[in-house]
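**Q** what's the 3D shape of this:
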Amino acid sequence: MKKVVILSYFFPPCNLTASGRIAGWEKHLPNFGYYPIIITRNWDGNELTEEDRLKSSGSEIRIEKKENSEVHYVPYKSSLRDFFFINSKNNYTFKLISKFLTMFNLIFQHFFVRLIPYNNLYFHAKKYLRNNNDIKTIIISGNPFEQFYFGYLLKKEFPEINWIADYRDDWTTSEVTNVKFRKFQQFFEKRWVGTASCFTTISPYYQTKIAELVNIQGHTIYNGFDKLIENTHKTSIDSFVITYNGTLYETQNIEIFLDGLKLFIDSNPDKKIRFNLPGILFDQKQANRVLSFMRGYESHLVMTDRISKEEVIEIQKNSDLLLMVSHTNIKGVTSSKIFEYISLQKQFIVCPNDHDILEEIAIQSGLGVVLDSHQQVLEYMNKVIQGYSKQPDLEKLNKFWVKSQVARLGEVMINN
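**A** Purely as a prediction, here's the structure:
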């Protein structure tokens, strides 16, 4: 098998969604003749908060060799900025110092690799490549996007090796997040990624706009789902459960769905209607936004802080309907949760219509429906509560299987 090094900050046992993409690649690449060597930071597996993720983890490099792959876990040592951030919750001075150090790092880590807190990933990769001259390809998965600096430096050190930049999100072209010093960071994105043989990303729209910036070829590789989850439960006949899983952003107009939900609750007074929002309390501002809009209907909401993936899966299993909220006037945002919904073989709503990738996936999977108004939400949920259901077509779902996406990744590596 051909060896390929994959450098990714996030990887299991990290319990964040970001770790799933490369985990799927590690599992399926051997089926296509590749032996993946994953280089990642050490994770304990119980990092539920930002503070947890910035604590030191591991004291030495640990290499876990498997039958067809290996994982190199490199220790993570908290930086000075991490220390002040972790202890800033009730300390205004620490909060100011943390913000200053964050800004300092944001600027100067573009020039000095040792200012990047996880720079030992780069140095470990560099040492590994020196000792293994049979490596022809290295993939670096962002974010954090400063890892693309590692690719730039490794290409200078090993010009015979091709590197591929993998974007799990877009970076300076983002329309969802406020990118600080956008033009400044854009200069480095173009400089660093411009040395890659190509890049991969999660949607055709992202592929187009990133390619226009970095001026190299791009390829769309969906996150996909790893396996179909059987034995999904039905709720009782006198109740109806809807679930929205994950982070909520300002750019997501969930109010359209919530308006329809209130009408649905009013028109079905004999039903126990529950709307689950696992993880939303992680962002209290967004939680308050939902609570404020649902004033008078709070008893129908179940909101939690971040919980384990296993608990979230169980909540979704016990749901009648799942919700995907698109970003207003923003294309290309697929979100891993839509593939999780498909893996559960549950019918789901996309609301409102993004007229792009979410609409396409909803239709192609055969499980989703796209709704654009509170009246459409009301009418559709009334159909579902009366017994209407979408049945999964396994042939259609296969397109979104991780293994199918990894087959495409294999083709990309052959041609680059």
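**Q** Quick one: the helices in the stretch 1-150 of the chain, in order.
**A** Here the stretch 1-150 of the chain has its helices, by DSSP state H, counting those that start in this stretch, at 20-28, 50-53, 80-86, 92-108, 120-131, 147-157.
**Q** So which of the ones you listed is the most surrounded?
**A** helix 20-28 (a mean of 22; mean count of other CB atoms under 10 Å). For every residue, glycine as well, the C-beta is placed using N, CA and C.
**Q** for it, packing partners?
**A** Counting by 3 or more CB pairs under 8 Å, 6 or more residues apart in numbering; DSSP states H and E, the packing neighbours recorded for helix 20-28 are strand 2-8, strand 34-41, strand 137-142, helix 402-414.
**Q** Include mean neighbour count, mean pLDDT and distance to residue 83 when you put the ones you listed into CSV, please.
**A** Output for the helices and strands packed on helix 20-28, formatted as CSV (neighbours: other CB atoms under 10 Å; pLDDT from 0 to 100; distance: least, CB to CB, whole Å):
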stretch, mean neighbour count, mean pLDDT, distance to residue 83
strand 2-8, 22, 97, 25
strand 34-41, 22, 97, 17
strand 137-142, 25, 96, 25
helix 402-414, 18, 93, 38
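**Q** quick one: which of the ones you listed is nearest residue 28?
**A** Among the helices and strands packed on helix 20-28, the nearest to residue 28 by CB to CB is helix 402-414 (4.0 Å).
**Q** Identify the residues contacting the closest one?
**A** For helix 402-414, the surrounding residues in contact (CB atoms under 8 Å, 6 or more residues apart in numbering) are 4, 24-25, 27-29, 31-34, 137, 164, 198, 200, 219, 221-226, 398.
**Q** try 6 Å this time
**A** With contacts defined as CB atoms under 6 Å, 6 or more residues apart in numbering, helix 402-414 is touched by 24-25, 28-29, 32, 137, 219, 221-222, 224, 226.
**Q** Residue 399 in helix, strand or coil?
**A** helix (DSSP: H, G, I helix; E, B strand; the rest coil).
**Q** Name the nearest residue to it, ignoring sequence neighbours.
**A** residue 364 (6.7 Å; CB to CB, 6 or more residues apart in numbering).
**Q** mind checking the SS state of that neighbour?
**A** Quick answer, by three-state DSSP: residue 364 is helix.
**Q** Just give me the neighbour total for it.
**A** 15 (other CB atoms under 10 Å).
**Q** For the remainder of this discussion, apply numbering that starts at 10.
**A** Renumbered: residue one is now 10, and that last one reads residue 373.
**Q** Distance check, it against residue 409.
**A** With the distance defined as CB to CB, to the nearest Å, residue 373 ends up 8 Å from residue 409.
**Q** likewise residue 237?
**A** Counting by CB to CB, the separation of residue 237 from residue 409 is 10 Å.
**Q** Give the helix, strand or coil label for the residue of the chain positioned farthest from its centre.
**A** Computed with CA atoms, centre = their mean, the residue of the chain farthest from its C-alpha average is residue 279, at 38.1 Å. State at residue 279, reduced to three classes by three-state DSSP: coil.
**Q** quick revisit: with distance to residue 322 added, can I get the helices and strands packed on helix 29-37 in TSV?
**A** Formatted as TSV, the helices and strands packed on helix 29-37 follow (distance: least, CB to CB, whole Å):
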stretch	distance to residue 322
strand 11-17	23
strand 43-50	23
strand 146-151	24
helix 411-423	16
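**Q** Show me the one of those that comes nearest residue 57.
**A** strand 43-50 (16.6 Å).
**Q** where do the helices sit along the stretch 210-359 of the chain?
**A** 213-223, 264-276, 293-302, 318-326, 346-352.
**Q** Now do the third one against helix 264-276, angle only.
**A** Read that as helix 293-302. 40 degrees (axes from the mean of the first three to the mean of the last three CA atoms, to 10 degrees).
**Q** Extract the CA atoms of helix 293-302 and return them as CSV.
**A** The C-alpha trace of helix 293-302 is given here as CSV (Å, rounded to 0.1, in the frame of the first residue of the first chain):
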residue,chain,number,x,y,z
GLN,A,293,-26.1,31.5,25.7
LYS,A,294,-26.7,34.3,23.3
GLN,A,295,-28.3,32.0,20.7
ALA,A,296,-30.2,30.1,23.5
ASN,A,297,-31.7,33.3,24.7
ARG,A,298,-32.6,34.2,21.1
VAL,A,299,-34.7,31.0,20.8
LEU,A,300,-36.2,31.4,24.3
SER,A,301,-37.2,35.0,23.6
PHE,A,302,-38.9,34.0,20.3
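**Q** Name the spans of the stretch 210-359 of the chain whose pLDDT lies under the cut-off.
**A** Applying pLDDT under 70 to the stretch 210-359 of the chain flags the ranges 240-246.
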